[in-house]
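Engineer: Based on what follows, work out the 3D shape:
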Amino acid sequence: MNLRKITILLLAILLSVPMAAQKRKRVKAKPKPVPVVEEPQEDPRITNMREMTQQIIIVDSIVVNKDEFLASIRLSSESGELMNTGSFFRNQQQGTLYLNEMGNKIYFSQPEGAVQKLFTADKLGNEWSKPQPLQGLSEGIDEASYPFMLSDGVTFYFAGKGEESIGGYDIFMTRYDSRSGSFLKPENIGMPFNSEANDYMYAVDEANRIGYFATDRRQPEGMVCVYTFIPSETRKTYDNSKFTEEQIRQFADIASIANTWSDGAERNAALDRIKSKYAPQGVPGQLVSTGDADAAVEFHSKEAKALYQKLLSAQSSLDIVNARLDQLRQEYHQANTSKRRQMKSEILKLEDEALQLNASVKQLDKATRNAEINSKKH
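Structural biologist: The predicted structure follows:
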């Protein structure tokens, strides 16, 4: 190879090196793909239900053991009675039972396979008829329990699971059609009664205009919150021109019962009704004077008189506990996190004490009446 060819070859090599380097510099690394995070979309039914949240006044609330929560729903005799299915039939059957005011009709749940179903039976003489399943509740409802019938014998409430619920048990309302012997298609009663948790046991003491419902939202395992509220004849929703979307959300979630009180007048009237409802009542046939409370009742029976004194003491203790609870609950909503932790144990302790005292008051009231009635028979 001559010198000229060698020179040309070297020049070609030297020129190709920077050109290749430039080409390499011009090649840009491909950008890494940015992962697309899709925000979970809320069920449109929940959104619509929240917008239509019913405006109610929640008078009070109490957190109790789920196995004992029925004791916190205190109905007058005119509104019937709630109990466990097993207690009524004296067996181990799981479920909840409602006995009407006349004591001649029951609605109850019991297992059918792996789920709870609703049944009814009538008292014929001294015996109960064979239980019959409730007709008309199966559309959109896979499981049903916690029955309650208003005194009109037509308007029926229960808790159901299925495609018509937004999470666990929801509270439904239906009406009985006497012509067909069946119930109409159940309607979800919406928020704030229902949530994505379990909500159940809607009951109303019509004589005293006091309602109850239970829920396990925001509660530890095995516990439920029983809310006391003022039922209304017509359904009124929150005006979105007066309340923000966030405020309505808080009403729907029951973030604070104090926010539902308005000026407090209706709540205070409801508290007075509850207090007078469970204050010691007169025994049939007794004489009532205008003296002080301890001397207001005259008894024929010494046993009844002694029991009545115990009743007054238990009722007084219950009033004190309830007053303290009411104060703590109002302070709790305004307290910081640290203060709430301190108050929580006292609230839970007082709620348990109130539950026991209430049961004692009811037992003593019944025992006092029976003792006085029995004394007049002899």
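Engineer: Outline the domain layout of this protein.
Structural biologist: For the chain, automatic domain parsing gives the domain ranges 56-232+244-278, 281-378.
Engineer: Out of the ones you listed, which one sits most buried?
Structural biologist: Most buried of the domains of the chain, by mean neighbour count (mean count of other C-beta atoms under 10 Å): domain 56-232+244-278, with a mean of 17. Quick note: C-beta positions are derived from backbone N, CA and C, even for glycine.
Engineer: about what we covered before: could the domains of the chain go into CSV alongside distance to D43 and mean pLDDT?
Structural biologist: Formatted as CSV, the domains of the chain follow (distance: least, C-beta to C-beta, whole Å; pLDDT from 0 to 100):
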stretch, distance to D43, mean pLDDT
domain 56-232+244-278, 7, 93
domain 281-378, 29, 71
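Engineer: Now distance to Y238 too, for those domains, in JSON lines please.
Structural biologist: Formatted as JSON lines, those follow (distance: least, C-beta to C-beta, whole Å):
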{"stretch": "domain 56-232+244-278", "distance to Y238": "5"}
{"stretch": "domain 281-378", "distance to Y238": "19"}
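Engineer: Which stretch among these approaches T47 most closely?
Structural biologist: Closest approach to T47 among those is made by domain 56-232+244-278 (10.3 Å; C-beta to C-beta).
Engineer: Can you give the distance from the closest one to the centre of its chain?
Structural biologist: How far domain 56-232+244-278 lies from its chain's middle: 8 Å, per C-alpha atoms, centre = their mean, to the nearest Å.
Engineer: Ok, stretch 353-369 next?
Structural biologist: With C-alpha atoms, centre = their mean, you get 24 Å for stretch 353-369.
Engineer: Mind exporting the C-alpha coordinates of it to CSV?
Structural biologist: Only the C-alpha atoms of stretch 353-369 are listed here, as CSV (Å, rounded to 0.1, in the frame of the first residue of the first chain):
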residue,chain,number,x,y,z
GLU,A,353,-73.5,2.3,83.9
ALA,A,354,-76.5,4.0,82.3
LEU,A,355,-77.4,0.8,80.5
GLN,A,356,-77.4,-1.1,83.8
LEU,A,357,-79.3,1.6,85.6
ASN,A,358,-81.9,1.8,82.9
ALA,A,359,-82.5,-2.0,83.1
SER,A,360,-82.7,-1.7,86.9
VAL,A,361,-85.3,1.1,86.7
LYS,A,362,-87.5,-0.9,84.3
GLN,A,363,-87.2,-4.0,86.5
LEU,A,364,-88.0,-2.0,89.7
ASP,A,365,-90.9,-0.2,88.1
LYS,A,366,-92.4,-3.5,87.0
ALA,A,367,-91.8,-5.1,90.4
THR,A,368,-93.4,-2.2,92.2
ARG,A,369,-96.6,-2.3,90.1
